[in-house]
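Enquirer: give me a model of this one.
(one chain, ligands or ions: 2)
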Amino acid sequence: MDFDVIVIGGGPVGENVAWRTAAGGLSTAMIEKELVGGECSYWACMPSKALLRPGHALAAARRVRGVDAGSLNPREVLARRTGFTSDWDDSGQVEWAESENIHVIRGDGEVTGEREVTVGGEVHRARQAVVVCTGSVPKMPPLDGIDGTPVWTSREATSAREVPDSLVVLGGGVVGVEMAQAWARLGSKVTLVVSGDRPLPRLEEFVGPLVAEGLREDGVEVLLNARASAIAPGALTLQDGRVVRGSEILVATGRVPATKDGKPLTIDDTGLVSDVDGRWLYAAGDVTGRALLTHQGKYQARAVGTAILERSRGFEPKPWSAGQASADHVAVPQVVFTDPEVAFVGHTAAEARAAGREIRVVDLDIAVAGSSLHADGYRGKTRMVVDERTRTLVGVTFVGQDVAELLHSATVAIVGEVTVDRLWHAVPSYPTISEVWLRLLEAYGL
Ligand SMILES: Cc1cc2nc3c(=O)[nH]c(=O)nc-3n(C[C@H](O)[C@H](O)[C@H](O)COP(=O)(O)OP(=O)(O)OC[C@H]3O[C@@H](n4cnc5c(N)ncnc54)[C@H](O)[C@@H]3O)c2cc1C
Ligand SMILES: NC(=O)c1ccc[n+]([C@@H]2O[C@H](COP(=O)([O-])OP(=O)(O)OC[C@H]3O[C@@H](n4cnc5c(N)ncnc54)[C@H](O)[C@@H]3O)[C@@H](O)[C@H]2O)c1
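Expert: Ligands and ions are numbered 1, 2, ... in the order given. The predicted model follows:
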């Protein structure tokens with residue numbers, strides 16, 4: 001069949017591209033080989049956060065004197081999680097797509113020529129654009145025995161129907177720390193194997209140790225500088241000869257783009273794939289390797305959808321217009337949903353220095369009236385990285401209970417290029433944790 005736009009991959013990113021082009025009047029098909037809604041809805045963001053939230057609610061209640069906190073009921077927690085995945089049934093999302101005039105095609109889509117996509121032997125043509133939104137897949141480390149050993153990936157870790165007695169988690173990235181805490185709080189005996197000196201190594205250096213401390217308080221054994229060399233059912237061998245055992249082993253050592261060669265599709269800010277002539281092939285989301293995050297992929301999707309529509313009408317999108325994902329370079333926000341929570345946006349101090357910026361770093365404990373009311377003995381830290389030349393923020397990190405909702409303030413400040421002098425006039429309400437902004441600016445010297 002012929003369409004104006006063909007989107008390959010019906011995850012959150014593909015859905016958003018298709019939604020935008022269909023709403024703009026372009027006939028749009030979306031091809032999905034598994035479940036419409038993608039990784040995020042069924043095996044990633046939603047079920048992982050559903051597994052974490054009950055434990056966080058309980059921990060929060062226990063930190064307020066006078067509250068008689070109960071305990072977790074793992075069966076109910078798992079049932080609530082399953083509710084968020086609609087029991088791995090995508091009929092609701094298919095219904096939504098069709099109600100938005102998106103033509104859903106089931107099957108494995110492949111680009112077989114210019115503006116041509118083949119699904120199950122049937123060739124479809126796109127008059128305007130083909131958009132690749134195929135996401136990413138787990139990356140397996142080169143360990144002896146990895147091929148013959150059944151392991152958990154993030155899929156099993158988010159969809160398991162029972163709490164394993166014990167769990168070994170290999171990899172101290174975001175998936176590793178979130179799933180280690182979720183399953184530990186549900187009663188599993190968890191060992192987290194981290195190859196470096198701290199988990200979350202790409203974040204500000206104070207983040208990983210605080211998260212490791214939180215995990216240890218939940219009974220997780222955190223092994224640092226522990227390099228794995230071999231794997232067998234229920235046993236992970238480290239390079240120093242130690243063997244770590246568990247009823248399941250979760251391999252959480254990163255993801256690779258879902259392309260034939262595992263390489264990302266490099267794009268410009270309108271989503272056009274580099275080195276392809278004719279301006280017809282676009283990509284967005286995890287497959288581009290830009291930021292493996294649902295919200296940022298959906299932002300790219302909105303840019304791609306807008307760019308396709310504008311080009312179909314003879315216009316060229318400009319930087320920072322809705323047709324370009326300009327913020328990808330300056331302000332990608334992310335929350336790690338552990339307890340303590342980690343929320344950060346923009347560049348770390350190390351990244352800013354490496355980029356040659358003249359910066360000033362302000363570090364503070366989160367210790368304001370709002371935090372002390374929020375939880376007895378509240379512990380948290382924050383860092384603000386300021387470009388001294390423009391007096392604007394380039395990065396902000398918060399670590400502590402319930403800091404996630406603080407993050408958007410930092411994102412707005414960075415994207416808006418608000419100077420610290422003007423930020424001074426954004427008065428945080430008393431007594432909220434946002435008062436930490438005032439303390440940061442005072443510590444900066446205002
Ligand atoms: C455990 C875990 C937790 C996460 N938690 C968060 C979080 O809290 N917040 C956050 O922002 N991000 C989170 N992420 C990242 C987030 O899941 C991804 O960034 C997001 O799913 C990317 O969306 P996407 O549409 O690009 O890809 P996907 O969600 O992977 O969707 C791609 C879709 O394309 C389909 N597909 C692939 N190839 C083809 C083909 N050839 N033909 C047809 N269909 C195809 C796939 O079946 C899939 O449905 C998490 C990831 C993991 C693993
Ligand atoms: N809350 C969220 O936003 C959220 C949650 C989960 C995942 N995600 C996204 O999904 C993506 C994938 O997450 P991830 O945790 O799989 O990847 P990651 O890249 O964040 O972390 C992988 C970790 O594994 C380590 N590692 C790699 N090879 C190893 C080996 N052989 N032995 C031991 N450790 C090894 C790496 O040093 C790294 O710290 C992330 O980029 C993240 O953006 C986001």
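
Enquirer: who in the chain is up against ligand 1?
Expert: Contact residues, the chain versus ligand 1 (C-beta under 6 Å from any ligand atom): 8-14, 31-34, 38-40, 44-45, 48-49, 108-109, 133-136, 154, 158, 175, 258, 285-286, 292-295, 297. From N, CA and C alone the C-beta is placed, and that goes for glycine too.

Enquirer: can you tell me which of those are in strands?
Expert: Assigned to strands by DSSP state E, the following of the residues of the chain next to ligand 1 qualify: Ile8, Ile31, Glu32, Gly109, Ser136.

Enquirer: ligand 2 versus Asp268, what's the distance?
Expert: Remark: distance between Asp268 and ligand 2 (C-beta to the nearest ligand atom, to the nearest Å) = 22 Å.

Enquirer: no, scratch that, I was asking about His408
Expert: His408 is 14 Å from ligand 2, by C-beta to the nearest ligand atom.

Enquirer: what comes into contact with stretch 77-96?
Expert: Under the criterion C-beta atoms under 8 Å, 6 or more residues apart in numbering, residues 10, 15, 35-37, 41-42, 46-47, 50-51, 54, 104, 158-163, 186 lie in contact with stretch 77-96.

Enquirer: show me what counts as buried in stretch 341-357.
Expert: Glu341, Val342, Ala343, Phe344, Val345, Gly346, His347, Thr348, Ala349, Glu351, Ala352, Arg357 (16 or more other C-beta atoms under 10 Å).

Enquirer: same deal with stretch 51-62?
Expert: Leu51, Leu52, Arg53, Pro54, Gly55, His56, Leu58, Ala59, Ala60.

Enquirer: again, but for stretch 392-412
Expert: 392-404, 406-407, 409-411.

Enquirer: mind checking how far it is from the chain centre?
Expert: Remark: stretch 392-412 is offset 15 Å from the chain centroid, using C-alpha atoms, centre = their mean, to the nearest Å.

Enquirer: cool, and stretch 135-154?
Expert: For stretch 135-154 - counting by C-alpha atoms, centre = their mean - the centre lies 20 Å from the chain centre.

Enquirer: now tabulate the buried residues of stretch 341-357 in a markdown table and tack on secondary structure and pLDDT.
Expert: Below are the buried residues of stretch 341-357 laid out as a markdown table (DSSP: H, G, I helix; E, B strand; the rest coil; pLDDT from 0 to 100):
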| residue | secondary structure | pLDDT |
| --- | --- | --- |
| Glu341 | strand | 98 |
| Val342 | strand | 99 |
| Ala343 | strand | 99 |
| Phe344 | strand | 98 |
| Val345 | strand | 98 |
| Gly346 | strand | 98 |
| His347 | coil | 98 |
| Thr348 | coil | 98 |
| Ala349 | helix | 98 |
| Glu351 | helix | 98 |
| Ala352 | helix | 98 |
| Arg357 | coil | 97 |
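
Enquirer: tell me who's in contact with His347.
Expert: Ala355, Val385, Val394, Gly395.

Enquirer: Leu272 now?
Expert: With C-beta under 8 Å, 6+ apart, Leu272 has these contacts: Arg279, Leu281, Tyr282, Ala307.

Enquirer: try it again with 6 Å
Expert: Arg279, Tyr282 (C-beta atoms under 6 Å, 6 or more residues apart in numbering).

Enquirer: for it, give the beta-bridge partners.
Expert: Tyr282 (DSSP bridges).

Enquirer: if I look at it, how far off is Gly314?
Expert: According to C-beta to C-beta, to the nearest Å, Leu272 and Gly314 sit 16 Å apart.

Enquirer: burial count for the closest residue to ligand 1 within the stretch 51-200 of the chain?
Expert: As assessed by C-beta to the nearest ligand atom, ligand 1 sits closest to Gly135 within the stretch 51-200 of the chain, at 2.1 Å. Gly135 sits with 24 neighbouring residues when counted by other C-beta atoms under 10 Å.

Enquirer: and what of Arg242?
Expert: 12.

Enquirer: from Ala325, how far off is Arg334?
Expert: For residue 334 the amino acid is Gln, not Arg. Counting by C-beta to C-beta - Gln334 and Ala325 are separated by 16 Å.

Enquirer: who touches the residue in the stretch 1-150 of the chain that ligand 2 sits nearest to in this structure?
Expert: Ranked by C-beta to the nearest ligand atom, the top residue of the stretch 1-150 of the chain for proximity to ligand 2 is Pro141, at 3.3 Å. Pro141 makes contacts with Thr253, as judged by C-beta under 6 Å, 6+ apart.

Enquirer: more crowded one of Gln334 and Ala325?
Expert: Ala325 (28 against 17).

Enquirer: what's that one sitting at in phi/psi?
Expert: Ala325 adopts backbone torsions of phi -90, psi 60, taken as degrees, to the nearest 10.

Enquirer: which residues touch it?
Expert: Asp269, Tyr299, Gln300, Ala303.

Enquirer: same deal with Pro209?
Expert: Contacts of Pro209 (C-beta under 6 Å, 6+ apart): Arg198.

Enquirer: where does it land in three-state SS?
Expert: Following DSSP: H, G, I helix; E, B strand; the rest coil, Pro209 is assigned to helix.

Enquirer: and the pLDDT at it?
Expert: pLDDT recorded at Pro209 is 98.

Enquirer: could you do Gln93 as well?
Expert: The predicted local confidence for Gln93 is 98.

Enquirer: geometric centre of this protein: which residue is closest?
Expert: Leu293 (3.5 Å; C-alpha atoms, centre = their mean).

Enquirer: pLDDT value on the nearest residue to that residue once chain neighbours are set aside, please?
Expert: Distance criterion C-beta to C-beta, 6 or more residues apart in numbering; nearest residue to Leu293, sequence neighbours excluded, is Gln334 at 5.9 Å. You'll see Gln334 listed with a pLDDT of 98.
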